[in-house]
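**Student:** Below are the sequence and a predicted model for it; my questions follow.
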Amino acid sequence: MTTTTRRTLLAGSAAVATGTTAGAVLGAPAAQARTQPDGRQKPTVVLVHGAFADASGWNDVAARLIRDGYPVIAPANPLRGVAADSSYLASILATLSGPLVLTAHSYGGIVVTNAATGNANVKALVYVAAFVPDQGETLLGLQTKYPGSKLNETALDLRPHGAGVDGYIKKEVFRDVFAGDVPRATTDLMWAGQRPSDVRTLQEPSGAPAWKTVPSWYLVARNDNVLPAAAQRFMARRAGARTVEVGASHVAMIVQPAATADLIRRATL
């Protein structure tokens, strides 16, 4: 494995394991559907996880939104490639009626940026310590645009599979680098249940970005040691996103679920 190939895996580290319970937090839209104060239908909130993660990282955020009457779905992100993952998410969005608000963490940002393009039901994009690429940009390029990421090549375990190589975050660095404000007992479980990203996922350029035509919001994690806060601010400014900053590690939706849910609510109005 060349150094360049190993470095491309670093971008995938921008999303970390967020729990060990596989599957989505799902609120049935028919049961939850309510209206806004002005009578408009509440949008379905789609929560998209990133690499080295599963949908359970959204649990605390989803619970708050469900209590407020929002339809919520947190689908599995395949983590097999930018085009493949975006196409898969787009196919899920096509099955949902009514307005949609897409919320993404980390690598999930590039997925929603591509999957939402051309879908008139998508009314807002919410990025949580997430990548917001322009056309042709890659995850690695954005992650290394500014200094500050503490994830380096030595932090990764590489495991070949039939068609390529998957990267996993090593246990001894997992908490310090990725979720330093989460209890160690929890991060041990997060590490054990992490889902890897195929190296090819991180080398693919992004397509036409939905944020150029869809309003966006951004939650900056100031203490992020994976995707530097400076990179997050740059991407948020470029997208014209309404931005909020919180004191949190990379897994801001776990550390600051109330602030995350509040930003999503703002995007639904």
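**Tutor:** Yes, it's here. Numbering: from 1, shown residues only.
**Student:** At which residues are the strands of the stretch 151-269 of the chain located?
**Tutor:** 156-161, 164-169, 197-198, 216-221, 242-246 (DSSP state E, counting those that start in this stretch).
**Student:** do the stretch 1-150 of the chain as well
**Tutor:** So, for the stretch 1-150 of the chain - with DSSP E, counting those that start in this stretch - the strands run 26-27, 44-48, 72-73, 100-105, 122-128.
**Student:** Nearest to Val251, out of these?
**Tutor:** Evaluated over these, closeness to Val251 peaks at strand 100-105, with 7.7 Å, by Cβ to Cβ. No exception for glycine: its C-beta is placed from N, CA and C like everyone else's.
**Student:** and that closest one, how far from the chain's centre?
**Tutor:** 8 Å (Cα atoms, centre = their mean, to the nearest Å).
**Student:** how many neighbours does Ala192 have?
**Tutor:** Using other Cβ atoms under 10 Å, the number of residues around Ala192 comes to 11.
**Student:** Now do it, the pLDDT please.
**Tutor:** Ala192 is assigned 96 on the pLDDT scale.
**Student:** so how far is Trp217 from it?
**Tutor:** To Trp217, Ala192 is 32 Å away according to Cβ to Cβ, to the nearest Å.
**Student:** If the residue lying closest to Leu96 once chain neighbours are set aside is in a bridge, with which residues?
**Tutor:** In space, and not counting its chain neighbours, Leu96 is closest to Thr44: 5.5 Å by Cβ to Cβ, 6 or more residues apart in numbering. Using DSSP bridges, the bridge partners assigned to Thr44 are Leu100.
**Student:** quick one on the thing from earlier: among the strands of the stretch 1-150 of the chain, show me which one is buried the most.
**Tutor:** strand 100-105 (a mean of 29; mean count of other Cβ atoms under 10 Å).
**Student:** who does it touch, helix- and strand-wise?
**Tutor:** Contact analysis of strand 100-105 by 3 or more Cβ pairs under 8 Å, 6 or more residues apart in numbering; DSSP states H and E lists strand 44-48, helix 108-115, strand 122-128, helix 257-268 as its packing neighbours.
**Student:** For Arg237, find the nearest of these.
**Tutor:** Across these, Arg237 has its closest neighbour in strand 122-128 (12.2 Å, Cβ to Cβ).
**Student:** Show residues contacting the closest one.
**Tutor:** Outside strand 122-128, the residues that touch it by Cβ atoms under 8 Å, 6 or more residues apart in numbering are 43, 93, 99-106, 109, 112-113, 116, 210-211, 214-219, 221, 235-236, 239, 241, 252-253, 260, 263-264, 267-268.
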